[in-house]
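S.K.: Model the structure of this input:
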Amino acid sequence: MVQRADSPNLFVVTPGRKRMPLFDTPEFEALLATVRRTSKIILLHEDNRTGGFASELAAIIAEEAFDDLDGPVVRG
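M.R.: Sure thing, here's the model as predicted:
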């Protein structure tokens, strides 16, 4: 994980790994904590748009941290 806190715009880069189970892992808890702290998330991946890893992760984040996000999860 790469963090840059000396900037007014905090960003965190977390290298993703397709790892199951996704819940109850330190990486996922850190991701949720970042979403709750910043109210934002950007997911990037090179995979299928439908049924890909990022779409599943976006759905889980929407379930777990929807109230903490600035807006709904959208696909671009």
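S.K.: And the strands in this structure, which stretches?
M.R.: 2-4, 11-13 (DSSP state E).
S.K.: and residue 58, what is it in contact with?
M.R.: Listed by C-beta atoms under 8 Å, 6 or more residues apart in numbering, the contact partners of residue 58 are 41, 43, 73, 75. No exception for glycine: its C-beta is placed from N, CA and C like everyone else's.
S.K.: Show me just the buried residues among the residues you listed.
M.R.: 41, 73 (16 or more other C-beta atoms under 10 Å).
S.K.: By pLDDT, give me the weakest of the contacts of residue 58.
M.R.: Ranked by pLDDT, the contacts of residue 58 bottom out at residue 75, which has 74.
S.K.: Kindly confirm whether my reading is correct that it touches residue 55.
M.R.: Yes: if you go by C-beta atoms under 8 Å, residue 75 and residue 55 touch, sitting 7.3 Å apart.
S.K.: what is in contact with the two at once?
M.R.: With C-beta under 8 Å, 6+ apart as the test, residue 75 and residue 55 both reach residue 49.
S.K.: Need the contacts of residue 58 in CSV (columns: distance to residue 63).
M.R.: Formatted as CSV, those follow (distance: C-beta to C-beta, whole Å):
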residue, distance to residue 63
41, 13
43, 15
73, 10
75, 16
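S.K.: And residue 29, how far from residue 42?
M.R.: 19 Å (C-beta to C-beta, to the nearest Å).
S.K.: quick one: which of the strands of the chain has the weakest pLDDT on average?
M.R.: Of all the strands of the chain, strand 2-4 has the smallest average pLDDT, which comes to a mean of 49.
S.K.: re the thing from before, and residue 29 and residue 42? Which one has more around it.
M.R.: For residue 29 versus residue 42, neighbours defined as other C-beta atoms under 10 Å are more numerous around residue 29 (11 against 7).
S.K.: how near is that one to residue 38?
M.R.: Relative to residue 38, and taking C-beta to C-beta, residue 29 is found at 15 Å.
S.K.: What residues does residue 33 make contact with?
M.R.: Applying C-beta under 8 Å, 6+ apart to residue 33 gives no contacts.
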